[in-house]
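K.L.:
3D, please:
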Amino acid sequence: MVLLASVLKPVDDTRMRGKFAETLLARPGVQVHVAGRAAAATAEEFGGVHRHRLFAGARLSLGRLLAQYRYWWLLGWLRPALVVVHAPELLPLTLLWQGLGRVLGQRRQFIYDIRENYALNVRTQQVYGGGLRRVLAAGLRWVEGAAAQQAAAVILAEASYADELPFLAALPPARVLVLENKYQPQPGEPPPPARPAPAPTEPLRLLYSGTISELNGVHEALALAAALHGRWPGGARLTVVGCCQQPALLTELQALAAQHPEWLTLRAGAAPVPHAEIVNEIRRTHFGLLPYRPHPSTWRCRPTKLFEYLAQGLPVLLPPNALWTDLATAHRAGISLNFEDAPAAAAAVQAAATAWDFYPAGPPPQASWASEDKKLGALLDTLL
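P.N.:
Predicted structure coming up:
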């Protein structure tokens with residue numbers, strides 16, 4: 001039995017449920033349980049995977065403490081042979097569970113999946129005050145280092161973390177594995193659709209998906225869409241779909257969508273949007289936007305949405321980040337823009353939409369989870 005656990009990630013999370021759980025299900029006789037934030041997924045969507053709610057409600061609430069109790073109860077009830085921890089706040093109880101197992105003569109293994117450079121995020125994203133920020137960052141780094149020493153393996157969602165996280169240097173290389181957040185199609189999902197050049201008389205459809213925040217460039221996306229709406233003969237339409245954890249920003253976006261329904265569609269809230277909805281939008285869009293602002297917490301990472309857009313053959317609009325543009329250029333998958341200059345960016349998008357010369361060889365296999373699935377499968381075979 002294997003337990004995959006997070007707190008803020010929903011039980012139908014694309015990495016935890018859609019990728020790790022699917023790889024585990026391919027192993028004969030393995031029972032898979034997923035624990036995380038409540039989601040509206042149906043039983044059919046979980047096909048053989050048992051789900052458990054650890055958390056529901058606001059991120060900063062007492063429910064976060066209750067999630068710890070539920071996680072500890074699950075460990076005792078399920079008695080898993082392997083736990084995959086997808087959230088650093090579950091590491092202390094995981095270490096306690098493993099330590100008690102040694103006292104009882106039981107072999108208890110866990111994998112730590114590092115999905116973000118959490119300490120760096122806390123230090124640089126201005127969510128907490130200065131003193132609290134330093135204490136939280138130091139505490140996160142300490143518990144991650146202690147857990148990494150005891151983990152059967154440490155998985156990195158970004159290759160850059162190997163250089164950014166100092167505690168990894170003390171681990172044998174064989175215990176550290178990079179598994180990027182590449183695209184895993186759902187069972188029965190049809191191949192990516194053909195994308196003919198947009199007719200000048202039809203709206204040019206733009207998509208901003210995933211986490212909605214100022215750091216991720218939502219205001220730059222809005223400015224580009226507004227400028228492009230006035231340039232493209234058929235107008236432009238931006239769809240913003242995803243999760244927004246900033247109430248003031250969400251209110252601002254809702255007011256703007258009500259004011260400009262002719263070019264802005266908003267499908268967002270405080271809870272994550274089902275991934276199938278995002279995929280549906282990708283398949284009916286002309287350009288996917290990645291208007292990220294340069295920031296230490298994101299600039300050395302390759303966003304999940306980049307792989308999603310590439311795997312679906314969706315042309316991408318990128319900032320001048322060589323880590324992203326080199327991948328897009330290799331497959332003629334999009335163009336680089338200066339999102340801070342909306343009129344110039346809109347002119348560049350108009351020219352690219354008119355020329356429409358993307359993906360001559362089709363969506364790149366490098367964007368697919370298949371390569372990461374093989375690496376994860378080989379690791380699991382050594383542990384199970």
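K.L.:
didn't Ala344 look like it was pressed against Asn338?
P.N.:
Yes: at 6.4 Å, Ala344 counts as touching Asn338 under the criterion of C-beta atoms under 8 Å. For the C-beta atoms, the positions are set from N, CA and C on the backbone; glycine is no exception.
K.L.:
following element in sequence after the lowest-mean-pLDDT helix or strand in the chain, please.
P.N.:
Ranked by mean pLDDT, DSSP states H and E, the helix or strand of the chain with the weakest confidence is helix 43-46, at a mean of 53. Downstream of helix 43-46, the first helix or strand assigned by DSSP states H and E is strand 49-55.
K.L.:
so what secondary structure elements neighbour whichever helix or strand comes after that following strand?
P.N.:
Using DSSP H and E, the helix or strand that follows strand 49-55 in sequence is helix 63-78. When contacts are defined as 3 or more C-beta pairs under 8 Å, 6 or more residues apart in numbering; DSSP states H and E, helix 63-78 sits against strand 2-10, strand 32-37, strand 49-55, helix 91-103.
K.L.:
now distance to Tyr69, mean pLDDT and mean neighbour count too, for those, in a markdown table please.
P.N.:
Output for the helices and strands packed on helix 63-78, formatted as a markdown table (distance: least, C-beta to C-beta, whole Å; pLDDT from 0 to 100; neighbours: other C-beta atoms under 10 Å):
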| stretch | distance to Tyr69 | mean pLDDT | mean neighbour count |
| --- | --- | --- | --- |
| strand 2-10 | 12 | 95 | 25 |
| strand 32-37 | 12 | 95 | 25 |
| strand 49-55 | 9 | 93 | 20 |
| helix 91-103 | 9 | 96 | 15 |
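K.L.:
of the ones you listed, which is nearest His331?
P.N.:
For those, proximity to His331 was assessed by C-beta to C-beta; strand 2-10 is nearest, at 29.3 Å.
K.L.:
from the chain's centre, how far out does the helix or strand following the closest one sit?
P.N.:
Proceeding N to C from strand 2-10, the next assigned helix or strand is helix 22-25, under DSSP H and E. Centroid separation between helix 22-25 and its chain, computed with C-alpha atoms, centre = their mean, to the nearest Å, is 19 Å.
K.L.:
ok, now stretch 231-244?
P.N.:
Stretch 231-244 has its C-alpha centroid displaced from the chain centroid by 21 Å (C-alpha atoms, centre = their mean).
K.L.:
repeat for stretch 212-226
P.N.:
In this view, stretch 212-226 has its centroid 18 Å away from the chain centroid, taken as C-alpha atoms, centre = their mean.
K.L.:
residues of it that come out buried?
P.N.:
The neighbour-count check on stretch 212-226 (16 or more other C-beta atoms under 10 Å) flags 212-213, 215-226 as buried.
K.L.:
same list (these) but as a markdown table, adding secondary structure, pLDDT and distance to Val2.
P.N.:
A markdown table is the format used below for those (DSSP: H, G, I helix; E, B strand; the rest coil; pLDDT from 0 to 100; distance: C-beta to C-beta, whole Å):
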| residue | secondary structure | pLDDT | distance to Val2 |
| --- | --- | --- | --- |
| Ile212 | coil | 96 | 32 |
| Ser213 | coil | 94 | 32 |
| Leu215 | coil | 93 | 34 |
| Asn216 | coil | 95 | 32 |
| Gly217 | coil | 97 | 37 |
| Val218 | helix | 98 | 37 |
| His219 | helix | 98 | 41 |
| Glu220 | helix | 98 | 41 |
| Ala221 | helix | 98 | 38 |
| Leu222 | helix | 98 | 42 |
| Ala223 | helix | 98 | 45 |
| Leu224 | helix | 98 | 43 |
| Ala225 | helix | 98 | 43 |
| Ala226 | helix | 97 | 48 |
